[in-house]
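Colleague: Below are the sequence and a predicted model; questions follow.
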Amino acid sequence: MHILYLVTLDNEHDAGKIYKIRDRVNYWRSVGHTVRVWILSRDHEYAIRGLSELEGVKVFNAMPFHLPLASKLKWIKKAERYLRQVVSLQRLYREIESCKPDLIYYPQHIWVPGLARLLRQHLSVMEVNVIDTEEVKFTPLIRRWIYRAGRKSLIRSVDGLVCVTPEIEAKFRKYGKSSCVISNGIDLTRIPLKRPDATRRAHLIFVGSADIPSQGIDLVIKLAQRLPQYVFHIVCPDLPAGKQQNIISHGALHDTQLITLYPQIDIGIGTLALFRKHMRQACPLKVREYIAAGLPLMLAYEDCDLPADPHILRLPDKPADLDDRWISQIESFVEENRMKRLPESIRLRVALEGKEMLRLSFFKGLIEAHCAHRRHEIIPHALPQIAADAATVEAIGPSSAQTPMAV
């Protein structure tokens, strides 16, 4: 297959997505497929760290300047990011005919003019990572309006959907698209395993974003206040300054920096406030990294890849339920698991290879169905000409034409 991976990225906000795409593309190529990655840049960038080094990766940035006051006014900066995508897509649109992919794979993002038409003109699959009607409620008003205005147009333009949880697939079933559920996976060899150290306090880690309320960074800070005997590492850009003695704020860490940190950690903290998006299921990329590192987990949602296990503590959905009884359970869990690693059987549940085999199989089925549909469309149009040819052969007689060829 010739796959075009069409995605919107920037270096500052999308480190997790970048390495997810890189791992996925490397696997697809290793099993014989041709893959190009075309990136619509949101910032003034011409290279995406971790991806641009790969062959077949192209960054489209057709606006090589900044809007006046973009560095001072946040709303102008956001407008510039959107305008950059709009202009860059027009350039991409002109080049796609020379690419001729069998399929376009597109992770769901905000609508931009021309995108629905591009997806409609090619066999395309959209990856859906969230219940977007809930997620968009946390975005600025203008972005929310643009997103809602173009959302259905994008969904109707694609031929298939890959949803990361059954809950998400159920929400999108009404659109009548071919769909499947494939949760996020990870290359287990990319993250080194934890190295337990009994001579120090337990170290816990949370990787997230301060501007996404559903990740629950405020709840992580409250946990740190309730559990002063533990060290909390928070990897998050734009974390509000605080004076909590047991919190180490790392800011934004990129791949190699984060990889060197994981072996020093004892417990991984997943998303704690998914209820704010009215969701119960998720499979965050950061938790896949925790699993690859062998970290026992504390989660406040359902993950279809993770069974009930003593190495996984499922917290209540809402923070009001984190009373003294739960704090005591967290303490017991940390003490029991700080020197342990996740069982290999759990790590293998999120291995990249199994996930991508399913994804490629879904692509293959769509391509075969698309080709069969086109054949059925062509044959009825050809029947009148075939009938006319047969009548001509009959009138002329077999001596003047090759009858088997005509038939």
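Modeller: Thanks, I have the structure now. Numbers count the residues shown, from 1 in each chain.
Colleague: doesn't residue 113 make contact with residue 153?
Modeller: No: with contacts counted by Cβ atoms under 8 Å, residue 153 stays clear of residue 113, the gap being 10.4 Å. All C-beta atoms are positioned from the backbone trio N, CA, C, and that covers glycine.
Colleague: which of those two has more neighbours?
Modeller: residue 153 (14 against 11; other Cβ atoms under 10 Å).
Colleague: How about that one: what's its closest non-neighbour residue?
Modeller: The shortest distance from residue 153 to any non-neighbouring residue, by Cβ to Cβ, 6 or more residues apart in numbering, is to residue 116 (4.4 Å).
Colleague: What is the burial count for that neighbour?
Modeller: Neighbour tally, residue 116, other Cβ under 10 Å: 18.
Colleague: and it, what does it touch?
Modeller: Contact partners of residue 116, counting by Cβ atoms under 8 Å, 6 or more residues apart in numbering, are 150, 153-154, 156-157.
Colleague: for the helix or strand it falls within, what is the average pLDDT?
Modeller: Using DSSP states H and E, residue 116 maps to helix 115-121. Helix 115-121 comes out with an average pLDDT of 92.
Colleague: likewise stretch 286-299?
Modeller: 96.
Colleague: Start and end of that stretch, how far apart?
Modeller: 12 Å (Cα to Cα, to the nearest Å).
Colleague: burial of the closest residue to residue 259 other than its chain neighbours, as a residue count?
Modeller: Closest residue to residue 259 apart from its sequence neighbours, by Cβ to Cβ, 6+ apart: residue 191 at 6.1 Å. Close neighbours of residue 191, defined as other Cβ under 10 Å, add up to 23.
Colleague: which ones are touching residue 191?
Modeller: Contacts of residue 191 (Cβ under 8 Å, 6+ apart): 259, 262, 289, 292-293.
Colleague: out of those, what pair is the most spread apart?
Modeller: Based on Cβ to Cβ, the longest span within the contacts of residue 191 runs between 259 and 292 and measures 9.8 Å.
Colleague: okay, the residue nearest to residue 259: pLDDT?
Modeller: At residue 191, the pLDDT recorded in the model is 93.
Colleague: Please tell me how far it sits from residue 113.
Modeller: 39 Å (Cβ to Cβ, to the nearest Å).
Colleague: Could I get the full set of helices for the protein?
Modeller: 15-30, 74-99, 115-121, 132-135, 141-157, 166-172, 217-226, 255-261, 285-292, 324-337, 344-347, 352-396, 403-406 (DSSP state H).
Colleague: for those, which one sits closest to residue 1?
Modeller: Among the helices of the chain, helix 352-396 comes nearest to residue 1, with 6.2 Å by Cβ to Cβ.
Colleague: about what we covered before: of the helices of the chain, flag the one that's most buried.
Modeller: helix 285-292 (a mean of 24; mean count of other Cβ atoms under 10 Å).
Colleague: report the angle between the axes of it and helix 15-30?
Modeller: Per axes from the mean of the first three to the mean of the last three Cα atoms, to 10 degrees, the angle that helix 285-292 makes with helix 15-30 is 70 degrees.
Colleague: hang on, isn't residue 276 packed against residue 212?
Modeller: No: under the criterion of Cβ under 8 Å, residue 276 is not in contact with residue 212, lying 9.4 Å apart.
Colleague: what touches both of the two?
Modeller: residue 138.
Colleague: Under the pLDDT cut-off, which ranges of the stretch 151-300 of the chain? List them.
Modeller: Within the stretch 151-300 of the chain, the stretches with pLDDT under 70 are 240-243.
Colleague: try it again with 80
Modeller: 210-211, 237-244, 254-255 (pLDDT under 80).
Colleague: ok, which stretches of it are strands?
Modeller: 160-163, 178-181, 203-207, 231-235, 247-251, 267-269, 297-299 (DSSP state E, counting those that start in this stretch).
Colleague: Could you export the ones you listed as JSON lines, including distance to residue 15 and mean neighbour count?
Modeller: Below are the strands of the stretch 151-300 of the chain laid out as JSON lines (distance: least, Cβ to Cβ, whole Å; neighbours: other Cβ atoms under 10 Å):
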{"stretch": "strand 160-163", "distance to residue 15": "22", "mean neighbour count": "22"}
{"stretch": "strand 178-181", "distance to residue 15": "25", "mean neighbour count": "17"}
{"stretch": "strand 203-207", "distance to residue 15": "9", "mean neighbour count": "25"}
{"stretch": "strand 231-235", "distance to residue 15": "10", "mean neighbour count": "21"}
{"stretch": "strand 247-251", "distance to residue 15": "12", "mean neighbour count": "14"}
{"stretch": "strand 267-269", "distance to residue 15": "17", "mean neighbour count": "27"}
{"stretch": "strand 297-299", "distance to residue 15": "21", "mean neighbour count": "22"}
